[in-house]
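>>> would you be able to build a 3D model of this:
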Amino acid sequence: MDQFSDQDLTHDVIQTAEALGKIAGDESAFRLLVESYRAQDHEEFRELLTRFGMLDRIHLVCKWLCSKECALICFELCGPPPKELPSLSLREFAELTAKISSKKEVLGSLASAVIERDEKAFRAIVEKLGVEKYCHYICHWICSVRCRLVCEILCAPDKPLYLIGCAHLIQALQQASSAVARLLEDKNALAMVEKGVLARDCNMVRSALDHAAFQGGCHWICHWVCAWRCVRVCILLCRPYAPVPIEHELPEMYAFAKAVAGLATQPDLVAKLVDAVETENAEVYSGLVNKLELRPFCHQLCYWLCRLSCRRFCLCVCPPRTIAVFTKIGGLYYDTDVHSHAPGNGLTITDNRAFYNTLRLNGGMSVVDGAPLVEYRFETVATSADGSTLADGTPILPASWVPVVPAQIGATNIGSFIRPIFVPPFVEVIQVWVNNSGPGIFTITPDAGGWIKVPPMFPVPPMVPGAGWRFVPGADLINLYTTTLTPFVTSIDETGVNAGQSANAPLQTDVHYGIRMRLRNQGDSGGGAEAGTCSHIAINNTLYNNISHHPYWPGGLFGASNELALASIGIAELALAPCSLLTKGFTVEFTAAHSNLGAVSVWLEGPGGPYAFDLNPATAQDPGENWYGTATPAMVGSPPAPAWSFNALPPCAYLLKMSVDVLLTTGDHVPLPIIDYIAFCKGKG
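Predicted coordinates:
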């Protein structure tokens, strides 16, 4: 393929052949290698390769075992590969993938059948779906995904905490099929991908996926494409050879390993083999298979060479990238903790809170050494109340999104530069912040378009003083000042509203926004690629001004401002005669108002208390948002707030209090209840 030569593939084949030759020189060691691979025994697998001095080729050996294992499994589950190639375009394969992935139980059953090598179960599902002639395509895709997962843990330097089971495979298949489903919706991108694969042009495939913003799902799509291509190519190339039944797998695998080991000393023939698979030249491939006496292994050899080619092809299509993703607002996953999908209301799921103030937008970054440096920014869009359209009712389009500019971003710690030192605390730290400065801080200032440059994994002067530093990302990405978003009702004037009276309108002050993150290489132009989108949340930053807190009482407030909600409590008798002694009874009046009103309670503190009240709101506009009326002593109580009456209270000083919860959140914190109060003295009746 045009980004790497067949010479690279030839080198991979010879390196693998040399490794297999050394290990297969000891049949018992080879058996242990196969068994440790199948058992996902990380320690045994690596120990064997270390013993033979082949640990540096662990990925190549694992890929060979993968291709061999999948050939055996799919031969068993689907029968011999067909002699005639079933007509199946990449679009049709995408539709087939969508069909088998549309129901989780079907995908789960297929995954389980591959793991358990349950021929009866696998064929029953394939027959029920009516896709028997595409059995090998389905099997090789599922098996290749599992292989990728198994090799990731076997080749990891540290022992993994888990083994790849059915649940892991299902999750991976769902991620892959989700990426394929998105590609299926983009006809132009899908057509360009197929054209690029058939032309062996990884640049074309990469450009198609980049243009359609598929960076996040690039590897899933590329390996899915490879499964389609390799089944197709190997049926074409091995048409002259009838598959040989395999009675005993381990001896047959050992024989194939010995045969492959013989390629190590024949680089010229290997180069021709590689080229024949790459160019789909059946005549040349057949001649080489005959010459090398590899006829019994035709399909297995082809699958191995094709998958090896795909490894390099996918490195070209999906080069190493630094990944950043937006998944949470504060401590809340917007996808599962918020009604963020149309026709949702944008409130939190568990307690129906809107968002306010400064939001900590976070997720994470995975910085890759040698990958292009990246930058990210956030964008917002005003949505309708149910998130289905823009606030003005027009459709949401890519052009509708507006960048979050530097002035909208609060100081955000996105990670640290660290390096070891030889005295306590044995690590030196430079904090990395966006829009912050000070001693021991490296400051990143977003550009005018809101783009924030992510530092390299290994920074060097002048970015840092000296050598040995490493960038360790945190989870936080930006702190967004939601008060900068418009339009919203900034304040409500409550002049003239006393306790017991209706609040001034309007109260429906929630606005709704989508928030998304974009990622691109530093130096690129354009809007970048998808890196997490919260489609819809409710935001409320309205403040209440000129609130009267029992103005008739000395010390009362006549015009409190910038309060989060309207909360006012009073006593009608004191309004008529401030500071008078109450002897006959009292009339408690209250008003509580906010478009996201929570619990409202009134109680009395004093000897024998606290004493609870029953609230008797008047019939009002927006019930539950605008509560006003009177509160009377609770008729039914329970400790520590028993039923009571005014006349039974002993003469003394008392404090009448009101608490108003406001259903708002930053995702990390919720506001404290708003408290209003008034004191009075009860005299002898």
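
>>> break down the stretch 51-200 of the chain into its helices, ranges please.
58-78, 90-101, 104-116, 119-129, 135-154, 166-185, 187-198 (DSSP state H, counting those that start in this stretch).

>>> in TSV, list those along with mean pLDDT, mean neighbour count and distance to Gly598.
(Each C-beta comes from the backbone N, C-alpha and C, glycine too.) Shown next, in TSV, are the helices of the stretch 51-200 of the chain (pLDDT from 0 to 100; neighbours: other CB atoms under 10 Å; distance: least, CB to CB, whole Å):
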stretch	mean pLDDT	mean neighbour count	distance to Gly598
helix 58-78	94	22	56
helix 90-101	92	19	42
helix 104-116	93	18	37
helix 119-129	94	15	50
helix 135-154	93	23	46
helix 166-185	89	18	37
helix 187-198	91	18	47
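
>>> check contacts around Val150.
Going by CB atoms under 8 Å, 6 or more residues apart in numbering, Val150 touches 37, 40, 62, 66, 164.

>>> do Gly330 as well
Going by CB under 8 Å, 6+ apart, Gly330 touches 359-360, 362, 665-669.

>>> just give the number of residues close to the closest residue to Ile547 other than its chain neighbours.
Spatial nearest neighbour of Ile547, excluding adjacent residues (CB to CB, 6 or more residues apart in numbering): Ala560 at 4.5 Å. The tally of other residues near Ala560 (other CB atoms under 10 Å) stands at 18.

>>> pretty sure Ala560 contacts Asn546?
Yes - taking CB atoms under 8 Å as the definition, Ala560 is a contact partner of Asn546 at 7.5 Å.

>>> from the contacts of Val150, which is closest to Gly468?
Comparing the contacts of Val150 against Gly468 with CB to CB places Cys62 closest, at 33.0 Å.

>>> any idea how far that closest one lies from Cys316?
Using CB to CB, to the nearest Å, Cys62 is found at 20 Å from Cys316.

>>> hang on, Gly53 packs against Lys22?
Yes - using CB under 8 Å as the test, Gly53 is close enough to Lys22 to be in contact (7.4 Å).

>>> so which of the two has more stuff around it?
Looking at Gly53 and Lys22 with other CB under 10 Å, you find the greater number of neighbours at Lys22, namely 18 against 10.

>>> what is the burial count for the closest residue to the more buried one other than its chain neighbours?
Sequence neighbours aside, Phe52 is the residue nearest to Lys22 in space, at 4.6 Å (criterion: CB to CB, 6+ apart). A count of nearby residues for Phe52, using other CB under 10 Å, gives 19.

>>> show me what contacts Phe52?
19, 22-23, 29.

>>> which of these fall in helices?
19, 22-23, 29 (DSSP state H).

>>> and those residues, which of them are buried?
Buried by 16 or more other CB atoms under 10 Å: 19, 22-23, out of those.

>>> which of those sits closest to Ile418?
Distances from Ile418 to those, taken as CB to CB, are shortest for Ala19 (37.0 Å).

>>> quick one: that closest one and Asp476, what's the gap?
44 Å.

>>> same check on Gly108?
Per CB to CB, Gly108 is found 36 Å from Asp476.

>>> mind checking how far Phe214 is from Val225?
Between Phe214 and Val225 the computed distance is 12 Å (CB to CB).

>>> should've said Lys684
91 Å.

>>> settle it for me: which of these two has more neighbours?
Val225 (25 against 7).

>>> could you say which helix or strand holds the more buried one?
Using DSSP states H and E, Val225 sits within helix 218-237.

>>> now swap in Gln431 and tell me
strand 427-434.

>>> can you spell out which helices and strands pack onto that strand?
Strand 427-434 sits against strand 412-420, strand 441-444, with contacts defined as 3 or more CB pairs under 8 Å, 6 or more residues apart in numbering; DSSP states H and E.

>>> I'd like the next helix or strand past the shortest one.
What that stands for is strand 441-444. Next element after strand 441-444 (DSSP H and E): strand 452-453.

>>> re the thing from before, out of the helices of the stretch 51-200 of the chain, which comes closest to Pro267?
helix 58-78 (15.7 Å).

>>> please save the CA atoms from that closest one in PDB.
What follows is helix 58-78, C-alpha atoms only, in PDB (Å, rounded to 0.1, in the frame of the first residue of the first chain):
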ATOM      1  CA  ILE A  58       5.300 -10.700  20.700                       C
ATOM      2  CA  HIS A  59       2.800  -8.700  18.600                       C
ATOM      3  CA  LEU A  60       3.800 -10.600  15.400                       C
ATOM      4  CA  VAL A  61       3.500 -14.000  17.100                       C
ATOM      5  CA  CYS A  62       0.200 -13.100  18.700                       C
ATOM      6  CA  LYS A  63      -1.200 -12.000  15.300                       C
ATOM      7  CA  TRP A  64      -0.100 -15.300  13.700                       C
ATOM      8  CA  LEU A  65      -1.900 -17.200  16.400                       C
ATOM      9  CA  CYS A  66      -4.900 -15.000  16.000                       C
ATOM     10  CA  SER A  67      -5.200 -15.600  12.200                       C
ATOM     11  CA  LYS A  68      -4.600 -19.300  12.700                       C
ATOM     12  CA  GLU A  69      -7.200 -19.600  15.500                       C
ATOM     13  CA  CYS A  70      -9.800 -17.600  13.500                       C
ATOM     14  CA  ALA A  71      -9.300 -19.800  10.400                       C
ATOM     15  CA  LEU A  72      -9.900 -22.900  12.600                       C
ATOM     16  CA  ILE A  73     -12.900 -21.500  14.400                       C
ATOM     17  CA  CYS A  74     -14.600 -20.200  11.300                       C
ATOM     18  CA  PHE A  75     -13.900 -23.500   9.400                       C
ATOM     19  CA  GLU A  76     -15.600 -25.300  12.300                       C
ATOM     20  CA  LEU A  77     -18.600 -22.900  12.700                       C
ATOM     21  CA  CYS A  78     -19.300 -22.200   9.100                       C
END
